[in-house]
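*Asks:* A structural model of the following input is requested.
(2 chains)
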Amino acid sequence: MIGHILQFLRLTGRKVFFVLVIFVVASTVLFFAVRAVPGDPVALRLKNPDPVRVAETRARLGLDEPVPVQWWRYVSSFVRGDWGHSFTSGRMVGRDVEEFFPATLELGLAGLTLGVCTGILMAVFAEVFRIGVLRRLSFLLGTLGLTVPIFWIGMLLLIVGSWLLGWFPSSGRLDLAMIPPPVVTGFVTVDALLAGDGRAFLSAINHLVLPAMCLSLYPAAQVCAVLQARLQDPVLLTLVISLRARGLGPLRIWVRHLLKVVSAPVVTVIGSNFGALLGGAVLTETVFSWPGIGRYLVGAVLDRDLYVVQNVLLIVVLLVVAVVFTADFVANLINPVAGRADGKKSQP
Amino acid sequence: MTALTHDRRDLIDWMLMILFAWSLAGLFWTPYDPQAQAFLGELRAGPSAAHLLGVDSLGRDVLSRVWKGAGHTVLLGGAASAGTLAIASILLWIEQQGPRFLKTLIRSLISAGLAMPVLLVGLILLVFLQPSSWTLVAACAIGGVPFGFRQLHVVWSEQSGAVYALASRSLGASRWHLVWFTLWPNVRPQAVSLAKLMFAVGVLELSGLTFLGLTGDPDFPELGTILRQNQADLFLQPLLVLWPGALLSGLLLLVHISNIRSGAGSRRLSSAS
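*Replies:* Down below sits the predicted model:
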């Protein structure tokens, strides 16, 4: 028991240390990237950049101090949540992140949930019940999900769902004529429910359907492929046969034994593809004019809004790393044997 | 030709080569100037004998734009994948030959990098580099390194310890002989498959970045940029979006199917994507 706890603590410690290393590396890269921008950011910021005002502003922003001091100031401000002001809008970056991030999270979670459910259902029905049509469909899903660009899928969905059928709106999170529910979580669907506004809830769901479908294709393809490969594993088939021979019912075999073995790789796949999901979310937001953090970030890069870029990119990097490690951790908890086996592999 | 296309794999590979050649030809010749707004009287016109794919909302011939766009996509995607493979090969060499701490460092960075979307790398590079198509190529090349490194690592681990390589070495084969006559014939199918896979990844990521308008030139004929521009006419003339998207998806699908159909090793590489 103590051995297990020690191993658990060692694993956690290693992961936390690795996150800290990533934080230091990413913050340093972004710090120097912003300082490598051609031209003086202060002069760019001031409308009338006379030398006295430039010097004053540089001193006020701490840009006349040594580079390590500036780096430390940046890192400590980031940790405190003081992310400066946007050059273009003049708004606080933290406030913008608070506004845009929940929209991306809502879209990402909806897409991920839809994708994982679709992937699991396709794989299980195709492999467990041996339905030929579903096997072909799952192959098609895997092929399309991994090859067809997500932004084109989004446009096709808009043409069919919004233009031809007229069932779904083409942009935004809520009907323009509708009063948004009071912000509690930032998720319009949840906020509408909390406010007891059924019409707003239905409108939010209606706006969410097409972007979520678009975003779900990639995780669905990944989960389906991994799960199908796992379900075709001869070792797993032998396990099922031996459990049946011991007189166990199908429900008990699935819930008590197979779910544990099968869900661990699915969790790992979800975690390791979270970055791709975020990348997909940026493209999906652009196609569906979804007011999320991805569109905000791309706009900031094009406008050279340095504080926004520096801080939002660091948040995204940390988020991706945190999700990957959490997924790894959960997969280890679900099936520690697979985790130990993976740890012994020499490949990166 | 009959002999060459006697099985489907060859047919797919031939189709892929023809599509490549056709796309690259578009860099040198198109029916009309893809950037000239020469047909302002026929805005958003459908397909006709003079304009096989129609005219866009700025009076430009769609076929010419899509053709040249496909050429740019293939060229830039190919450059990005070549860059990825070159950097990944150098890193693999350092990892194999370098000291232990460097090996650990490279493996840790690759593990972290695998989780990062290429889009993020592109955005970081665009902070301090001018937006251009070659900046995006650099972003895709660097962003694809973790994935390329992992795939190369798999091939290297399999082949370097193979019995036939050890046998050839013990028979006194020179390094050149070992590489050219022993290792290369065995590695070639996997190398081709890996190159195709990296090309598909490069094209996919690059078109995503250009779709976001990060090329710096909104008029640059590339499939992602064309799709971005034509999205404004999605409900007025959907064909303007269907042509470039279908070409891009068709190219990627052909590469994917070609990879699936070539050998067991290639199938594994493909599924790893």
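*Asks:* alpha carbons only for contacts and neighbour counts from here, please
*Replies:* OK.
*Asks:* For the residue of chain A found nearest chain B, grab the count of nearby residues.
*Replies:* Residue nearest to chain B within chain A: residue A:37 (4.4 Å; Cα to the nearest Cα). Around residue A:37 there are 16 other residues, counting by other Cα atoms under 10 Å in any protein chain shown.
*Asks:* Over to the one 5 residues further on?
*Replies:* If you count neighbours by other Cα under 10 Å, residue A:42 ends up with 17.
*Asks:* show me the contacts for it.
*Replies:* Contacts for residue A:42 (Cα atoms under 8 Å, 6 or more residues apart in numbering or on different chains) come out as A:54, A:57-58.
*Asks:* do residue B:239 as well
*Replies:* With Cα under 8 Å, 6+ apart, residue B:239 has these contacts: residue B:46.
*Asks:* For residue B:63, see how far away it is.
*Replies:* Distance, residue B:239 to residue B:63, using Cα to Cα, to the nearest Å: 11 Å.
*Asks:* now residue B:189
*Replies:* Separation of residue B:189 from residue B:63 (Cα to Cα) stands at 35 Å.
*Asks:* ok, now residue A:176?
*Replies:* 38 Å.
*Asks:* and those two? which has more neighbours close in?
*Replies:* Set residue A:176 next to residue B:63 and count neighbours by other Cα under 10 Å: residue B:63 wins out with 24 against 8.
*Asks:* Now the more buried one. Nearest residue, chain neighbours left out?
*Replies:* residue B:53 (5.3 Å; Cα to Cα, 6 or more residues apart in numbering or on different chains).
*Asks:* Give me the neighbour count for the one you found.
*Replies:* Counted with other Cα under 10 Å, the neighbours of residue B:53 add up to 20.
*Asks:* Quickly find the element holding it.
*Replies:* Using DSSP states H and E, residue B:53 maps to neither a helix nor a strand.
*Asks:* what's the answer for the one 10 residues further on, then?
*Replies:* With the criterion set as DSSP H and E, the secondary-structure element containing residue B:63 is helix B:62-97.
*Asks:* Please state the offset of that helix from the chain centre?
*Replies:* A distance of 6 Å separates the centroid of the chain from that of helix B:62-97, by Cα atoms, centre = their mean, to the nearest Å.
*Asks:* buried sites along whichever helix or strand comes after that helix?
*Replies:* Going down the chain from helix B:62-97, the next helix or strand is helix B:100-115, by DSSP H and E. Judged by neighbour count using 16 or more other Cα atoms under 10 Å in any protein chain shown, the buried positions of helix B:100-115 are B:103, B:106-107, B:110-115.
*Asks:* which one is residue 134 nearest to, not counting chain neighbours?
*Replies:* Unless you meant another one, I'm taking chain A. Spatial nearest neighbour of residue A:134, chain neighbours left out: residue A:126 (5.1 Å); criterion: Cα to Cα, 6+ apart.
*Asks:* nope, chain B
*Replies:* Using Cα to Cα, 6+ apart and skipping the chain neighbours, the partner closest in space to residue B:134 is residue B:76 (7.7 Å).
*Asks:* Quick one: name the residues of the stretch 1-150 of chain B near chain A.
*Replies:* Residues of the stretch 1-150 of chain B lying near chain A by Cα under 8 Å from any Cα of the partner chain: B:107-108, B:110-112, B:114-120, B:123-129, B:150.
*Asks:* Kindly recompute the last result at 7 Å.
*Replies:* B:107, B:111, B:115-117, B:119, B:123, B:126-128, B:150 (Cα under 7 Å from any Cα of the partner chain).
*Asks:* JSON lines for those residues, including distance to residue B:92 and pLDDT?
*Replies:* Conversion of the residues of the stretch 1-150 of chain B next to chain A to JSON lines gives the following (distance: Cα to Cα, whole Å; pLDDT from 0 to 100):
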{"residue": "B:107", "distance to residue B:92": "10", "pLDDT": "84"}
{"residue": "B:111", "distance to residue B:92": "14", "pLDDT": "80"}
{"residue": "B:115", "distance to residue B:92": "19", "pLDDT": "78"}
{"residue": "B:116", "distance to residue B:92": "19", "pLDDT": "80"}
{"residue": "B:117", "distance to residue B:92": "21", "pLDDT": "83"}
{"residue": "B:119", "distance to residue B:92": "24", "pLDDT": "83"}
{"residue": "B:123", "distance to residue B:92": "26", "pLDDT": "81"}
{"residue": "B:126", "distance to residue B:92": "27", "pLDDT": "79"}
{"residue": "B:127", "distance to residue B:92": "28", "pLDDT": "76"}
{"residue": "B:128", "distance to residue B:92": "28", "pLDDT": "75"}
{"residue": "B:150", "distance to residue B:92": "9", "pLDDT": "88"}
